[in-house]
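J.: Based on what follows, work out the 3D shape:
(2 chains)
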Amino acid sequence: MLKIENLHVTVGERKVLNGLTLEVPTGEVHAIMGPNGSGKSTLAYALAGRPGYEATQGRVLYDGQDLLALPAEERARAGVFLGFQYPVEIPGVNNVYLLKAALNARRKAAGLTEIDAFEFLEFVRGKMKFMQMDESFLSRGVNESFSGGEKKRNEILQMLVLEPRLALLDETDSGLDIDAMKVVAQGINSLRGPDRSIVLVTHYQRLLDHVRPDRVHVLSRGRIVHSGGPDLALELERRGYDWVLEASAA
Amino acid sequence: MTEAAEIEALVGRSYRHGFVTDIESDTVPPGLDADVIRFISRKKGEPQFLLDWRLKAFRHWLKMREPRWAHVRFEAIDYQAISYYSAPKVDANAPKSLDEVDPKLLATYEKLGVPLHERARLAGVAVDAVFDSVSVATTFKEKLAKAGVIFCSFSDAVRDHPELVEKYLGTVVPYTDNFYATLNSAVFTDGSFVYIPKGVRCPMELSTYFRINAAKTGQFERTLIIAEEGSHVSYLEGCTAPMRDENQLHAAVVELVALDNAKIKYSTVQNWYPGDENGVGGIYNFVTKRGDCRGRNSHISWTQVETGSAITWKYPSCLLRGEGSVGEFYSVATANHFQQADTGTKMIHIGPNTRSTIVSKGISAGHGQNTYRGLVKILPSAHGARNFTQCDSLLMGGECGAHTFPYVEVKNATATVEHEASTSKISEDQLFYCLQRGISQEDAVNMIVSGFCKSVFRELPMEFAVEAQNLLAVTLEGAVG
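T.: Residues are numbered from 1 along each chain as shown, chains lettered A, B, ... in the order given. Next comes the predicted model:
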């Protein structure tokens, strides 16, 4: 599904990723952990095609396709989804409007007809119920005066509506209370499947208690310095990052 | 491409309505003196009172100077180089139905996306189409007549209802009011007239499409709307203009009179030629619009979407005289390329417990300069008056400007005045968020801008709201990336 080879990314003048290599096979869930400033969010943004995140070396294959050659909106239409760490507010634009435009853009790219309003509403209501979200949410402005938890829930709702092939979730667990965490985890787990891959960028083990990853990677100074099975996350939680960083430096 | 460059490319879309219809015009030579005014008045068969009024205005105008306080810049206008009268030659026998209308004119409306007959029939909208300076087609007149509503060209009103014209003309905007309004009073050629009798709810939205077409012809429209006690009317005005190299002056005057418990809703979508990407050409839109809430609980509401013109100088205002009367102003103004917009409103609270609401959304792009200028004045007599003002500016790209001049004068301590203002840019975060959801940059910008303007758009009549959104999209859309 996703194959990153020797990726170097600069943001402005700053070199953030320094030869990152990572493979996420189809159907797997991988967690990327690491200390602050190690480049986790940069990786997510670079994969999603955020302007200003420039790949200076290396390549990224998505389903064998050169991902970096595509503009951001085409990556999205091809099934790459980024769940934002800090979802932005778009005042005056209804959630339902954005969701429908997004879904139709994806459907159009896949050669499908646009979904009609009635069908769409049925579909979204089902997903909202699953995410335990109130109906009134649809007519509110995108993330407008949402609490931190509501914003994250909204990201997962969007993901469930768009049904991406590759979901990159950037610290979706931050700012969630225990109940919200469970709902969000349930949302993520429901998307798990043999055709999809999920990359969880996280600081903490917390989310991984609910969404068990197939692999865990440690990112430091712009590279993957250590990889392991799900137990690695537990070990990191217990011992911190220092032992990994020391081992990798040696 | 950087964000700034992308946005600049995005707003660089050229004007879609650029074409000129070739219809023979009956035009007076350029220049203005008392004889030209007599010519206009005679040509239109006007009564003496109107000619006298025009001449008084003209003599007053000769002593006036152009206002210089607006935040706009332009070359001096040579008023002697303008032709003050132009009419299609068919005007001796004005058509009584669409079949009699010059097919070229109908084709022009088609190009503008205003299929007159379709639009009129499907939407149930009466259209008084002003082409150059003379009304060519008026529809639904009979249905309106049944309700006692008079909706006709200004010339027809002068001919058929001179007593109403004489009673109300110049009572809201006196002929001495300001340089452009005074000029208009002297030379206006046509416009619209609406009279809603006591207790009548106008059975349909009244709509006028304006168009400037003959070269070097200043367009001086005059609109007068009178809503008698307890009546109700919604009036829509929309306009587009052909591509031109030379600046064209447009100095319209609109007067609204609302009596006891009457409501007038006046909506405008203005899309005149704004000039090219380098600021060459475009319409000078120097308009005086004012409503007089003359009775108890009178209600006047202005909604405007201003996307066109090289320069817009326009302050639709309300005189809140009657106790409990209400004035509203909802505005979206865009300034793209080298456009300059200086617009806003004046809410003059005279009567007790009068209320006003001002919502202004300014969008600046390219090298556009957008100014909100507003006055909220509470006179000593306006016990318990209230005003709420919200002024928001949206900037697209780094070369444009947004300016806000809110003047507040409160002379009664029981009044409440609130003002909120914000200035923001379409953020890279918002754009990327939409892109990441698969939405194109163009659609994303439209979506964000529409969201920004929502509180104004929802004040527009339904069919106009859609048109306004499309217009805004056309104005700001373009080659992306």
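J.: How about chain A: which residue is closest to chain B?
T.: Closest to chain B within chain A is residue A:92: 2.9 Å, counting by C-beta to the nearest C-beta. Heads up, the C-betas are built off the backbone N, CA and C, glycines and all.
J.: what residues does chain A put near chain B?
T.: A:48-52, A:71-73, A:75-77, A:81-82, A:84, A:87-88, A:90-93, A:97-98, A:101-102, A:105-106, A:109, A:141-142, A:158, A:162 (C-beta under 8 Å from any C-beta of the partner chain).
J.: Quick one: residues in contact with stretch B:454-473.
T.: Here stretch B:454-473 makes contact (C-beta atoms under 8 Å, 6 or more residues apart in numbering or on different chains) with A:92, B:123, B:125, B:205, B:234, B:236, B:238, B:265, B:267, B:269, B:271, B:301, B:303, B:305, B:307, B:328, B:330-332, B:334, B:359, B:361, B:390, B:446, B:449-450, B:453.
J.: Please pull out the lowest mean pLDDT helix or strand from chain B.
T.: With mean pLDDT, DSSP states H and E as the measure, the helix or strand of chain B carrying the lowest mean pLDDT is helix B:116-123 (a mean of 38).
J.: Where do the helices of the chain begin and end?
T.: Assuming you mean chain A. A:40-48, A:72-77, A:95-109, A:117-130, A:148-162, A:178-191, A:206-210, A:231-239, A:242-249 (DSSP state H).
J.: wrong one, I was asking about chain B
T.: Under DSSP H, chain B gives helices at B:3-10, B:34-43, B:48-61, B:103-111, B:116-123, B:141-146, B:154-160, B:162-168, B:179-187, B:428-436, B:441-457, B:462-476.
J.: Mean confidence (pLDDT) on the last one, please.
T.: Looking at helix B:462-476 alone, the average pLDDT works out to 70.
J.: and chain B, which residues reach chain A?
T.: B:1-3, B:427-430, B:432-441, B:443, B:447-448, B:450-455, B:481.
J.: and with 7 Å instead?
T.: Residues of chain B found near chain A (C-beta under 7 Å from any C-beta of the partner chain) are B:3, B:427-430, B:432-433, B:435-440, B:443, B:447-448, B:451-452, B:454, B:481.
J.: Show the buried residues in these.
T.: Among the residues of chain B next to chain A, the ones that count as buried by 16 or more other C-beta atoms under 10 Å in any protein chain shown are B:3, B:428, B:430, B:432-433, B:435-440, B:443, B:447-448, B:451-452, B:454.
J.: buried set for stretch B:391-402?
T.: B:391-397, B:400-402.
J.: Straight-line length of that stretch, end to end?
T.: Criterion C-alpha to C-alpha, to the nearest Å; first-to-last residue distance in stretch B:391-402 is 11 Å.
J.: Name the spans of the stretch 151-300 of chain B whose pLDDT lies under the cut-off.
T.: B:208-218, B:239-247 (pLDDT under 70).
J.: Which stretches in it count as strands?
T.: B:190-196, B:206-211, B:221-227, B:232-240, B:247-250, B:253-258, B:263-271, B:282-293, B:299-306 (DSSP state E, counting those that start in this stretch).
J.: Need those strands in TSV (columns: mean neighbour count).
T.: Shown next, in TSV, are those (neighbours: other C-beta atoms under 10 Å in any protein chain shown):
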stretch	mean neighbour count
strand B:190-196	25
strand B:206-211	23
strand B:221-227	26
strand B:232-240	23
strand B:247-250	22
strand B:253-258	28
strand B:263-271	23
strand B:282-293	26
strand B:299-306	26
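J.: Next, format those as JSON lines and append distance to residue B:314.
T.: Listed next are the strands of the stretch 151-300 of chain B as JSON lines, based on distance: least, C-beta to C-beta, whole Å:
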{"stretch": "strand B:190-196", "distance to residue B:314": "16"}
{"stretch": "strand B:206-211", "distance to residue B:314": "14"}
{"stretch": "strand B:221-227", "distance to residue B:314": "13"}
{"stretch": "strand B:232-240", "distance to residue B:314": "12"}
{"stretch": "strand B:247-250", "distance to residue B:314": "10"}
{"stretch": "strand B:253-258", "distance to residue B:314": "10"}
{"stretch": "strand B:263-271", "distance to residue B:314": "8"}
{"stretch": "strand B:282-293", "distance to residue B:314": "4"}
{"stretch": "strand B:299-306", "distance to residue B:314": "7"}
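J.: Count the neighbours of residue 176 for me.
T.: Just going to use chain A. Counted with other C-beta atoms under 10 Å in any protein chain shown, residues neighbouring residue A:176 total 19.
J.: hm, I was asking about chain B
T.: 15.
J.: how close does it get to chain A?
T.: 42 Å (C-beta to the nearest C-beta, to the nearest Å).
J.: Okay, that residue and residue B:49: tell me how far apart.
T.: Look at residue B:176 and residue B:49: by C-beta to C-beta, to the nearest Å, they are 17 Å apart.
J.: mean confidence for stretch A:229-236?
T.: 92.
J.: what does it contact?
T.: A:31, A:33, A:205, A:208, A:212-213, A:215-216 (C-beta atoms under 7 Å, 6 or more residues apart in numbering or on different chains).
J.: swap the cut-off to 8 Å and go again
T.: Counting by C-beta under 8 Å, 6+ apart, A:31, A:33, A:205, A:208, A:212-216, A:218, A:226, A:228, A:244 sit against stretch A:229-236.
J.: go on, stretch B:65-77?
T.: Applying C-beta under 8 Å, 6+ apart, the set of residues contacting stretch B:65-77 is B:178-179, B:247, B:249, B:284, B:310-311, B:313, B:340, B:342, B:369, B:371, B:373, B:403, B:405.
J.: repeat that with 10 Å
T.: Outside stretch B:65-77, the residues that touch it by C-beta atoms under 10 Å, 6 or more residues apart in numbering or on different chains are B:79, B:178-180, B:183, B:218, B:247, B:249, B:251, B:279, B:282, B:284, B:286, B:310-315, B:338-343, B:369-373, B:401, B:403, B:405.
J.: how about that stretch as PDB, C-alpha atoms only?
T.: The C-alpha coordinates for stretch B:65-77 follow below in PDB (Å, rounded to 0.1, in the frame of the first residue of the first chain):
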ATOM      1  CA  ARG B  65     -17.600  70.300  -6.300                       C
ATOM      2  CA  GLU B  66     -17.000  66.600  -6.400                       C
ATOM      3  CA  PRO B  67     -16.500  65.100  -3.000                       C
ATOM      4  CA  ARG B  68     -13.000  64.100  -2.200                       C
ATOM      5  CA  TRP B  69     -13.300  62.300   1.100                       C
ATOM      6  CA  ALA B  70     -13.900  58.800  -0.200                       C
ATOM      7  CA  HIS B  71     -11.000  56.400  -0.100                       C
ATOM      8  CA  VAL B  72     -10.900  56.100  -3.900                       C
ATOM      9  CA  ARG B  73      -8.700  57.500  -6.600                       C
ATOM     10  CA  PHE B  74      -9.500  58.300 -10.200                       C
ATOM     11  CA  GLU B  75      -8.800  60.700 -13.000                       C
ATOM     12  CA  ALA B  76     -11.000  63.800 -13.000                       C
ATOM     13  CA  ILE B  77     -14.200  63.300 -14.900                       C
END
